[in-house]
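[1] test case, fold it:
(3 chains)
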Amino acid sequence: MQDFSAAFIAAFTLIATADPDFLEIIGLSLRVTLTAVLIACLIGLPLGAALAVFRFPGRLALTILVNALMGLPPVVVGLTVYMLLSRAGPLGVLELLYTPTAMIIAQTILVAPIIAALTRQVVADLNAEYDELLRAMGSSRAGRVATLIWDARYSLLTAALAGLGRAFAEVGAVLIVGGNINHVTRVMTTAIALETARGELALALGLGLVLILIAILINSALMGLRASAERMAYA
Amino acid sequence: MPEAALALAPSVALTGDDRFWPVEINGLTYAAGGKVLVDGLNFRIVQGPVTAIMGPNGAGKSITLRLIAGLIAPSAGTMSYGGASMPGANQIAVVFQRPVLLRRSVAANLDHALKTYGVDRDQRRDRVKALLALGQLEDLARQPARVLSGGEQQRLALVRALAAEPCLLLLDEPTASLDPQATAAIEGLIARAKADGIKVMLITHDRGQAQRVADDVLFMHAGRIVEQTPTDRFFDRPQSPEAAAYNDGRLLLPSNASNSGS
Amino acid sequence: MALSRTALAGFIVFAVVFAAGVRADDDFIIVQSTTSTQNSGLYDILLPQFTDKTGIEVRVVAVGTGQAIKNAKNCDGDVLLVHARAAEEAFVTEGYGVARYDVMYNDFVIVGPAADPAGVKGEATAATALRTIADAGAPFASRGDDSGTHKKELALWTGAGIDPSGASGTWYRETGSGMGATLNVAVGMEAYTMTDRATWIAFGNKGDHEIVVEGDPALFNQYGVIAVNPEKCPTVKAALAQTFLDWLLSRDGQDAIAAYRRDGEQLFYPNAAD
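    Numbers count the residues shown, from 1 in each chain, chains lettered A, B, ... in the order given. Okay, here's the model as predicted:
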């Protein structure tokens, strides 16, 4: 296929020439996705840990809900956030539709259940190991959650990575709430969708290759961190 | 409780809270899965002497230890700690046969324990140092706790328990998987705790260890306390036929008396 | 202590996020647009000229005509630029739009494999071409997305006296996607499809597809522009929107549209009333 070699050339050209529009798109992609994952961690880590550690009414229902939300189609999230942020919606006064903030909100909703569900599993395993010790020490509930999250931090990197992968790759949600506006809300995935619609398949695939490259770089960095933690028996 | 005791030097008394004593145990019973595992224990724990809890496997020693520590709830019976129904914070510390260490450095494990015990941040540095010295772990302070040798891990677990400045220290076969040298280090720490006024109760199967560190032996069989005797007399002239059989290494058949009666 | 640090971190994050959302530059309008104008690259040439002249930034949300109208009804745009005359006029009649203006036109074409399995090349009218395709059972890719192009296509089928919905899933393939995606599908499965000429000329993945029917007056494609009515949507930037419309319909704007070429071909023909 000629398109494949053309895609590699396109990808290489984009990187080599450091095209400013292209760098802007990458920068926005990273900013939106990393911010969304960060916020999703702030929500998902304590929520997942609470589901793992505490017994409270509705815990099972909440666990099932979180697990089910993991499979939420991005388009559904995008549509929901659109209806909330639309001028005709309840949060229209915030004027957030078609801004990077709207994209961050949508991706946070997409990613938080993944991080919460994976955190619940990781923390439940560690809690079983630490349970007697922490009870013997008379650890408080908050102290227990903090201890478990901190000690599971390298395992939880995997959860954050899973969330990062989903956010970085999805196009359905950010397209609807961001609008793929040039220089404002255009990110890697929506740019790929646009170039595909224009029939510029090589350029679209080239952008895809760059996306994969960035994903590989982020994954290697975090996995390297985790590997060194494993050597220290911290993971 | 003298908060800063350890901060000064290892030679200073580790604890001394008279309000904890005496510990009275009345009719303590624990049943699970239709079996009575601990059957109506009545005894009193007094400050001072080191007590070895001995008895064959399945006698209920570990469950008794966990009941005293409050880690499991009794099916029946009461415990009183200086008149209170619950021990105060940090008054009882436990060390398990296989130490559970956090995925952190040696020093961070101690710091975490002190933080949990409510020690202020600005005091923790000095107390971590003192505890490291006590456990002869200074050179390993920055090492990940989980890569230490078995002996080092158990020393860490023991000084971490001592960080609570407890009145009562409960040890569940602390040297079961350790070599003689590591065992000696642990026994040194037990003697040290005793010297500082901490009541130590340890489960052990090692007759030599009981003779080295324990002042008396509490002998359990089939969920009951059969006798509590000074160590020398326990091994020379045990009062019960069960203890005699145990000391001679004869097979002790579980007496069905405790179960069949119900 | 730990709690306050977490709270601080959370605050910083939200501060960053909302700083990102609230831009100091408020001098922009949002145009809810059909896709063909974006996919053909027209906006890339047109809008910078307007922004240079007025300092007003134009943010284009390019979706199908149906969705663009829906979004505009939700007040999520200041200007509507689409190509479905009946729907546009209804939009104004219902009070959502101030007034509708013709901006430009081009035409639709029917494209298909060069081999032309149904033999429609040279058919004079779209109606006979579609009938020939239906009779041959040759694959035809439809947008199926309620867009302006889709509405036009359905009108042509009706004009030809054929209801293709019964054949949906056999030779009649509804992609439910944009023009570009539908063209990709058509090229991939050797199907005929109808597209606006601008998107076709600019399309980069033609494969061995080519125009098989063109020139029928029934294939006329008129683009209209409407400012969203501030009486329905008090939040719209009515003044900025009017500035954009005025420029688009002015000599300058119309010349800029006429000047846009791809591969030497003119894509849009301005026809604003003087």
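
[2] element containing C:Gly112, please.
    strand C:97-113 (DSSP states H and E).

[3] what mean pLDDT does that strand get?
    Mean pLDDT, strand C:97-113: 96.

[4] quick one: that strand near chain A?
    No - Strand C:97-113 does not reach chain A (Cβ under 8 Å from any Cβ of the partner chain); its nearest approach is 11.8 Å. C-beta here means a position set from N, CA and C on the backbone, and glycine is covered the same way.

[5] which positions in that strand come out as buried?
    Residues C:97-98, C:100-101, C:103-113 are the ones in strand C:97-113 that count as buried (16 or more other Cβ atoms under 10 Å in any protein chain shown).

[6] chain center to it, what's the gap?
    A distance of 9 Å separates the centroid of the chain from that of strand C:97-113, by Cα atoms, centre = their mean, to the nearest Å.

[7] and for stretch A:228-235?
    Distance of stretch A:228-235 from the chain centroid (Cα atoms, centre = their mean) equals 24 Å.

[8] so what strands line up beside the strand holding C:Gly112?
    When pairing is defined by DSSP bridges, strand C:97-113 lines up against strand C:192-196 (antiparallel), strand C:209-213 (antiparallel), strand C:220-228 (antiparallel), strand C:269-270 (antiparallel).

[9] make a markdown table out of the ones you listed and add mean neighbour count and mean pLDDT.
    Output for the strands paired with strand C:97-113, formatted as a markdown table (neighbours: other Cβ atoms under 10 Å in any protein chain shown; pLDDT from 0 to 100):
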| stretch | mean neighbour count | mean pLDDT |
| --- | --- | --- |
| strand C:192-196 | 27 | 96 |
| strand C:209-213 | 19 | 96 |
| strand C:220-228 | 23 | 96 |
| strand C:269-270 | 17 | 96 |
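
[10] for those, give me TSV that also has distance to A:Thr108.
    Formatted as TSV, the strands paired with strand C:97-113 follow (distance: least, Cβ to Cβ, whole Å):
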stretch	distance to A:Thr108
strand C:192-196	38
strand C:209-213	42
strand C:220-228	30
strand C:269-270	44
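
[11] that older thread, now the two most distant members of the buried residues of strand C:97-113.
    Maximum pairwise distance among these (Cβ to Cβ): 44.7 Å, between C:Val98 and C:Pro113.

[12] what sits against residue 124?
    No chain specified, so I'll use chain A. Residues in contact with A:Ala124 (Cβ atoms under 8 Å, 6 or more residues apart in numbering or on different chains) are A:Ala52, A:Val53.

[13] try chain B instead
    B:Asp111, B:Leu114, B:Lys115.

[14] 10 Å - rerun?
    B:Ala7, B:Ala107, B:Leu110, B:Asp111, B:His112, B:Ala113, B:Leu114, B:Lys115, B:Tyr117, B:Ala163 (Cβ atoms under 10 Å, 6 or more residues apart in numbering or on different chains).

[15] before we move on, what about B:Ala185?
    B:Gly135, B:Gln136, B:Gly151, B:Glu152, B:Gln154, B:Arg155, B:Leu158, B:Thr175, B:Leu178.

[16] now the strands for chain B?
    Remark: strands assigned in chain B by DSSP state E are B:23-32, B:35-45, B:51-54, B:76-81, B:92-95, B:168-172, B:199-203, B:216-221, B:224-230.

[17] poorly predicted segments of the chain, please.
    Looking at chain A here, since you left the chain open. Counting by pLDDT under 70, chain A contains low-confidence residues at A:1-2, A:235.

[18] ah, no, chain B please
    Where chain B drops to pLDDT under 70, the residues are B:1-18, B:251-262.

[19] mind jotting down where the helices sit in the stretch 151-274 of chain C?
    Secondary structure of the stretch 151-274 of chain C (DSSP state H, counting those that start in this stretch): helices at C:179-188, C:197-202, C:238-249, C:251-259.

[20] then the stretch 151-262 of chain B?
    In the stretch 151-262 of chain B, the helices defined using DSSP H, counting those that start in this stretch lie at B:180-195, B:207-213, B:231-236, B:241-247, B:257-260.

[21] dump those to a markdown table, plus distance to C:Asp146.
    A markdown table is the format used below for these (distance: least, Cβ to Cβ, whole Å):
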| stretch | distance to C:Asp146 |
| --- | --- |
| helix B:180-195 | 77 |
| helix B:207-213 | 84 |
| helix B:231-236 | 91 |
| helix B:241-247 | 87 |
| helix B:257-260 | 77 |
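
[22] residues contacting the residue lying farthest from the centre of chain A?
    Farthest-out residue of chain A from its mean C-alpha position, per Cα atoms, centre = their mean: A:Ala136, at 37.1 Å. Shown in contact with A:Ala136 (Cβ under 10 Å, 6+ apart): B:66, B:69-71, B:92-96, B:100, B:161, B:164, B:170.

[23] excluding chain neighbours, what is closest to B:Val147?
    Spatial nearest neighbour of B:Val147, chain neighbours left out: A:Ala233 (5.0 Å); criterion: Cβ to Cβ, 6 or more residues apart in numbering or on different chains.

[24] so what's the nearest residue to B:Gln239 once chain neighbours are set aside bridging to?
    Excluding its sequence neighbours, the residue lying closest to B:Gln239 (Cβ to Cβ, 6+ apart) is B:Glu227, at 4.8 Å. Taking DSSP bridges as the rule, B:Glu227 bridges to B:Phe219.

[25] tell me how many other residues surround B:Glu227.
    Close neighbours of B:Glu227, defined as other Cβ atoms under 10 Å in any protein chain shown, add up to 17.

[26] test my guess that it contacts B:Asn247.
    No - judged on Cβ atoms under 10 Å, B:Glu227 makes no contact with B:Asn247 at a distance of 11.6 Å.

[27] between the two, what contacts are shared?
    Contact criterion Cβ under 10 Å, 6+ apart; residues shared by B:Glu227 and B:Asn247: B:Phe219, B:Phe234, B:Pro238.

[28] can you add distance to B:Val147 and neighbour count and give these back as CSV?
    Formatted as CSV, the shared contacts of B:Glu227 and B:Asn247 follow (distance: Cβ to Cβ, whole Å; neighbours: other Cβ atoms under 10 Å in any protein chain shown):
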residue, distance to B:Val147, neighbour count
B:Phe219, 38, 26
B:Phe234, 39, 26
B:Pro238, 43, 20
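
[29] please identify which of the strands paired with strand C:97-113 is closest to A:Val184.
    The closest approach between A:Val184 and any of the strands paired with strand C:97-113, judged by Cβ to Cβ, belongs to strand C:220-228 at 19.0 Å.

[30] can you check what angle separates the closest one from helix C:238-249?
    160 degrees (axes from the mean of the first three to the mean of the last three Cα atoms, to 10 degrees).

[31] what's the distance between strand C:220-228 and the middle of its chain?
    Taking the mean of its C-alpha atoms, strand C:220-228 sits 10 Å from the chain's own mean (Cα atoms, centre = their mean).

[32] quick one, grab the pLDDT at C:Gly122.
    In this prediction, C:Gly122 carries a pLDDT score of 85.

[33] sorry, that was for C:Arg23
    On pLDDT, C:Arg23 comes in at 47.

[34] find the closest residue to chain A in the stretch 101-250 of chain C.
    When scored by Cβ to the nearest Cβ, the stretch 101-250 of chain C has C:Gly180 as its residue closest to chain A, at 2.8 Å.

[35] got the phi/psi numbers for C:Asp263?
    Main-chain torsions, C:Asp263, degrees, to the nearest 10: phi 50, psi 40.
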